[in-house]
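> This is the structure alone, sequence omitted:
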């Protein structure tokens, strides 16, 4: 299954999720011989997840996609009458959004580099993987743009940098360059991790040690690669950034479930409130389908079109009647 996924150049996160689902499916089946499987086995497993395990709709749909890939591309077994039968209906929930004062309080509570990461995530509307994956060559301070390489759907896009943090970014770039020089002079460090399709290719060693490919937010420690004796530096681990954001929200007394992706939702909502077009926002967010972007229209606050409750009208009418009686 892993080989089939790599042939199709799916994302590393897809590889991880699909193989985890396949292992769970195998455990459910009791290590049955794959050649004996039928679509009914997948149906029973999905029913087990929904009824016995009571998993979320997203988890059930993810397992469905994993099994569909497994049956079609690995086992070459028909996946009959399953396309619409076992997909769970996901609840249509609005994303959590921070208002501007909450964003300010959150950034004030984030320490050091994590504050810059949070401001950049919000200021450019980045996904978690996108802010972590920024390389030094992706930043162009002079032109004021950030290039997001290989975003979701393997697409690149160019975003304007927030001018309010350009000074911070310049200082941060200088600090990162000093860290790169230390790594370059350290015989125990073999550079940084490159994109998977570039690792092991001729010349990859030179690229791995080049400043252009160094992370904008490098991890504080280098990572040992099992079985190779090599050590490379990765970017800051996503869990660290997630934990810092969650703890900062707690310190800022924000009574919401806040994650780095909340900052992306907040960016989208605030851009619409500022009057930007939905098509512009779709391009900035990197959405393939505008229906994904339209959800933010349901969150936007517009004072000119504010809806008032009929209970307020009723109270106003009562007050006016009371005042009229008092005059009489």
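Received it, and whenever you're ready, just let me know what you need. These numbers were taken from a predicted model, which means no experiment stands behind them. Numbering: from 1, shown residues only.
> which residues of the stretch 1-150 of the chain score low on pLDDT?
When residues are selected by pLDDT under 70, those of the stretch 1-150 of the chain lie in 81-91.
> any chance you could map the helices in it?
2-7, 12-29, 39-47, 57-69, 100-109, 112-124, 128-132 (DSSP state H, counting those that start in this stretch).
> Now render those as a markdown table, adding mean neighbour count and distance to residue 234.
For every residue, glycine as well, the C-beta is placed using N, CA and C. Output for these, formatted as a markdown table (neighbours: other Cβ atoms under 10 Å; distance: least, Cβ to Cβ, whole Å):
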| stretch | mean neighbour count | distance to residue 234 |
| --- | --- | --- |
| helix 2-7 | 13 | 20 |
| helix 12-29 | 15 | 12 |
| helix 39-47 | 17 | 34 |
| helix 57-69 | 18 | 25 |
| helix 100-109 | 16 | 25 |
| helix 112-124 | 21 | 15 |
| helix 128-132 | 21 | 9 |
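> ok, which stretches of the stretch 51-200 of the chain are strands?
139-140, 145-151, 155-160 (DSSP state E, counting those that start in this stretch).
> what packs against the second one?
Identification of packing neighbours for strand 145-151 by 3 or more Cβ pairs under 8 Å, 6 or more residues apart in numbering; DSSP states H and E yields strand 139-140, strand 155-160.
> Ok, which of those comes nearest residue 16?
Nearest of those to residue 16, taken as Cβ to Cβ: strand 155-160 at 20.7 Å.
> Give the partner strands of whichever strand or helix holds residue 222 in its sheet and their orientations.
Using DSSP states H and E, residue 222 falls within strand 218-225. The strands beside strand 218-225 in its sheet (DSSP bridges) come out as strand 230-235 (antiparallel).
> re the thing from before, rebuild the strands of the stretch 51-200 of the chain as CSV, extending it with mean neighbour count and distance to residue 223.
Listed next are these as CSV, based on neighbours: other Cβ under 10 Å; distance: least, Cβ to Cβ, whole Å:
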stretch, mean neighbour count, distance to residue 223
strand 139-140, 16, 23
strand 145-151, 17, 21
strand 155-160, 14, 26
